[in-house]
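Trainee: Got a sequence here, can you build the structure:
(chains A and B)
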Amino acid sequence: MTFRTTRRTLLGGAALALPAIWGRDAVAQIRRGDELTVGVWGGAQERIVREFCATPLERQHGVRINFVLGGTTERRARAYAERGRPSFDVIYLNIFESRQAVRDQVTQAPNANVPNFANLYPLARLGGYGVAFNPVTVVYDRRMVAAPMTSWKDFWREDLRGKVILPAELGAQGSATLLMAAKVWGGSETDIDPGFRKLAELKPIRAFQSSQDQLYGMFDNQVGAASVEFGSFTRTYAESRNPNVIIADPSEGQVVAMNVACITAGTRNQALAEAWVNLHLSPECQRAYAERIYYSPTIRNLELPADLSAKLIMGEEQVRRLVDFDWDVVTRNLQRWTGRWTREITG
Amino acid sequence: MGRTGGGLLALPFGIWLLAAFAAPMGAVALLSVQESSEMFAPLSLVPSGAQYAELFGDPFFMRVFVNTLLLGAAVAACCAVLGYPLALWLTRLPPRWKPIGFAIVLVPLLTNVVVRSLGIILLLAPRGVLGAIADAVGLPRPELLFTWFAVGLALTQVFLPFMVLALYDVLEGQEKRLEEAAAGLGAGPATRFWRVTLPLSLPGLRAGLIITFLLASESYVSAALVGGRKVLVSGMLVVKEGVEVLNYPLAAALAMLMLAAGVLATFLIGRVVALLTPWIAGRAPRVTLRLPPAPRRALVAVAEALAPVVSSLLLTLAVLLLVFPLLLVAVASVNDSPQATVAQFLGFTWRWYAMVLQNERYLSDAWTSLQLALACVAVSLAISLPAAFALVRGAFRGREALGALYMLPLALPGIAIGLGMLRLLQWFVALPPFLGILAVHVVLVAPFMLALLRASVAQLDRSLEEAAGGLGAQPVRVFRRVILPQLGPGIAVACVIGFLISFGEVTVTAFLTTARLQTLPVRIYAEASFSLENTVNAISTILILLTVALLLLVNRLMPLDRVWRR
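Mentor: As a prediction, this is how the structure comes out:
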């Protein structure tokens, strides 16, 4: 059986099962001429979803997919402002915001109406449909350290003294740094003090990076030895510009970050939105993510060549090793931590 | 002009603001007096000072607020100091080179903010250009990155064009004979600048100071990029509270404070310039302080000796500051590296250009942006030119106050307008998308054009109009044959600036973009939010080239200088 027929059968099944669950509001079937509005990032991600989600849906159902490109923050602000009467049908959020959005009834919790939901790792079933793992980890320049870095604790090694580059802000990288520092030195997200205390011990910090481009510029100029960054982008950087930069896989694990597809609460195109998400979770789409931008799949049923797999988070075992935090606690405290970060670490 | 003293001419501008700006402004004002910071709390109509109390009670907010205002003042001052030599240089360029000169001035406005910031970082980084120079001279490497200096430099770079263009028209239109007369009477270049050029150009300086101060005190993207976490400005706090924490009321209250400070500054700058230019209103000059002759002579001698060196030094600095990003962008646009950077050149490639030119989406978004910007400039010109006449020549009470009021959209941070629009989104999406975004863009652009046109109108030679009238020309004919030719360069400059602002706007547009209407900058921003590719630099290079072409065209249709004067 080819993939296409499987999908059609499954979609049909999903569409039949829908009215019972979603009541009268939702359109139970995909009708020719329907329009789906998707809020997503630009660049490579837009290209991939156009190819693997939009084009098949448009061909198969005669529907129209509208893209609203933008950054996560505007998208989220708009979705909140439009709660209950969304102009988006599907929005993409980060792990940070997605679970809160479900609780705030801005987006829907994931459910098995999306056939490929069954293939998702449990970690990717929270706050929507996780479509890609993109963990944050230790990255370093092998020329500037005495030995490979294999643990988050290696930042405190003697040979790295004064050579560490820290994230300037508590974004994905900064909070991962702080949370992991707390965790490996006996704290947690509810006991953050050890993190601040130990990170302050790293002073003098060589530099602070507030974007990937900035960090890679620093690596180009050998400003510092090690930092915390997304493995995926850093892999692209290392392969294209600086083979001395290594993406470490620390023994304590990499900190999970995830792109999440969220169906808005109150969408009038429920079935079409679910069909969209289902295509995003298809092996073809996930493979494109892995091959083109080194984002790791969130589904179990994808086989990749060994050399590519080695660069990703693949398989139950590795996914289990991803470090997840209670992001609600993090979100609630982020403002306070930001103040402390400014005073105690960057200041 | 009838009994209203010409005030009616200011009406269309006011009506547009009422229609398109009063609503988001009202939403922000209402949000700022909410008691509850809860995202989904229903709007209360009973005003509460809770948010303001929190702001005033928190020394952190107040410190950031005051620092930001100081930053704005410093940037405005730097722009003025660098802007004069540059604007004077521009007026002296031969006509055929003018478009190129303008293009140089406009480069920073045409480059992506992230790329520009990378340039500043490259310049100031410990191993950057300045560090290397310091090393070569034997000085210690300065720690400049992530400081107020870095932020100030970045902001000066991008807002300098506004100052130069504000000064350009008044300097270009100045009566050359006055300077010749001063020279004939024995005044050196420094004295001539101080006593003739500077006072006569004060209306332009006022426009430039207001614009640069407001823009600098509201900006936050550059500050975030080149200031690391060490430099905090009010705009960043509005974004943080409003868009990240979703505490709209607090963000709105802070935006209202920034608005109040901006209006106050606009008003003060206007008053000071009015005091210094009594001849415009036909008043007698106030008594000024004068030094006794001996020290004055010494001062003049020193100034005359230093003037040539200082002015060429400042000019060189200004040009380098403006052109530096161009260098980065042009190099990066052919760099065979997937990330936008210039620290390392990996090989030559045209593929970024190919990606831009083969991608119909870039082209269709660029087309949307172009239509939007052209429509926006047309509408803005139509409402701000009459308003400029009313504000300069009108004899009605509260003229200065109305002038400050019309600058409101400039004084309210763009991000706050965005937040206000979010509250109104359900009504906004009912409008045709093009019209909705056009209405908002005009609100953002018209105050700039008004500020510039006001300076141009202020320096019209009224005796020419009187002469034409005396010779029997009807008002329409006077306007077409006497006023319009004199205003030509001023209008051209205002239109170019208006066009570029609308064409590049992303802060507010990002909130309003719908599936049916997307502009090029929003697409670029969306791509940069994932990963900054070199396509950004290819687009910037193309835009710079297109701007040169556009300026050549404008120069044909509406000469950028007043050739007939010579």
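Trainee: mind listing what the closest residue to B:V221 other than its chain neighbours touches?
Mentor: Spatially, and ignoring its direct neighbours in sequence, B:V221 is nearest to B:V113 (5.1 Å; C-beta to C-beta, 6 or more residues apart in numbering or on different chains). Heads up, the C-betas are built off the backbone N, CA and C, glycines and all. Contacts for B:V113 were tallied using C-beta atoms under 8 Å, 6 or more residues apart in numbering or on different chains; they are B:V158, B:V221, B:S222, B:L225.
Trainee: Neighbours of the third one, how many?
Mentor: Going back to what we said before, that points to B:S222. B:S222 is flanked by 26 other residues according to other C-beta atoms under 10 Å in any protein chain shown.
Trainee: just the first one next, same as before
Mentor: Applying other C-beta under 10 Å, we find 27 other residues in the vicinity of B:V158.
Trainee: and what of the second one?
Mentor: Under the neighbour criterion other C-beta under 10 Å, B:V221 is assigned a count of 20.
Trainee: Then A:A200?
Mentor: 13.
Trainee: isn't it right next to A:I345, touching?
Mentor: Yes. When contacts are counted by C-beta atoms under 8 Å, A:A200 is listed as touching A:I345 (6.3 Å).
Trainee: Any regions of chain A where pLDDT drops low?
Mentor: Residues of chain A meeting the criterion pLDDT under 70: A:1-28, A:347.
Trainee: now do the stretch 251-400 of chain B
Mentor: Checking the stretch 251-400 of chain B against pLDDT under 70 turns up B:287-289, B:340-344.
Trainee: would you list every one of the helices in it?
Mentor: Under the criterion DSSP state H, counting those that start in this stretch, the stretch 251-400 of chain B contains helices at B:278-281, B:293-333, B:351-358, B:360-393, B:399-406.
Trainee: Equivalent analysis for chain A, please.
Mentor: Remark: helices assigned in chain A by DSSP state H are A:3-22, A:44-49, A:55-61, A:72-81, A:95-103, A:172-184, A:193-201, A:212-220, A:231-240, A:270-280, A:283-293, A:306-309, A:315-321, A:327-340.
Trainee: Isn't B:D365 up against B:T519?
Mentor: Yes. Contact criterion C-beta under 8 Å: B:D365 and B:T519 qualify, at 6.1 Å.
Trainee: Between the two, tell me which one has more neighbours.
Mentor: Neighbours were tallied for B:D365 and for B:T519 using other C-beta under 10 Å; the higher tally belongs to B:T519 (27 against 20).
Trainee: residue contacts, that one?
Mentor: B:D365, B:T368, B:S369, B:L372, B:I437, B:E505, B:V506, B:T509, B:T513 are the contacts of B:T519 under C-beta under 8 Å, 6+ apart.
Trainee: Check A:A146 too.
Mentor: Contacts for A:A146 (C-beta under 8 Å, 6+ apart) come out as A:R157, A:D159.
Trainee: how does it look with 7 Å?
Mentor: A:D159 (C-beta atoms under 7 Å, 6 or more residues apart in numbering or on different chains).
Trainee: Only the buried residues of stretch B:24-31, if you could.
Mentor: Neighbour-count burial for stretch B:24-31 flags B:P24, B:M25, B:A27, B:V28, B:A29, B:L30, B:L31 (criterion: 16 or more other C-beta atoms under 10 Å in any protein chain shown).
Trainee: Distance of the first one relative to B:I437?
Mentor: Taking C-beta to C-beta, to the nearest Å as the measure, B:P24 and B:I437 are separated by 13 Å.
Trainee: per-residue confidence for the most centrally placed residue in chain B?
Mentor: Nearest to the mean C-alpha position of chain B, counting by C-alpha atoms, centre = their mean, stands B:F162 at 4.4 Å. The model reports B:F162 with a pLDDT of 90.
Trainee: sorry, back to before: single out whichever of the contacts of B:V113 has the smallest pLDDT.
Mentor: Note: of the contacts of B:V113, the lowest pLDDT belongs to B:L225, at 73.
Trainee: mind listing what the residue nearest to that one when sequence neighbours are not counted touches?
Mentor: Closest residue to B:L225 apart from its sequence neighbours, by C-beta to C-beta, 6+ apart: B:S117 at 3.7 Å. Contact analysis of B:S117 by C-beta under 7 Å, 6+ apart lists B:A154, B:S222, B:L225, B:V226.
Trainee: circling back: let's see if you can find the most crowded of the contacts of B:T519.
Mentor: B:T509 (27 neighbours).
Trainee: I figured that residue hits B:L438, correct?
Mentor: No. Applying C-beta atoms under 7 Å as the test, B:T509 and B:L438 come out as separate, 11.0 Å apart.
Trainee: List, one by one, the residues from chain A near chain B.
Mentor: Proximity of chain A to chain B is confined to A:37, A:41-45, A:66-71, A:73-74, A:77-78, A:80-82, A:85, A:87, A:168-169, A:208, A:210, A:213-214, A:216-217, A:220-221, A:223, A:233, A:236-237, A:240-241, A:335, A:342, A:346 under the rule C-beta under 7 Å from any C-beta of the partner chain.
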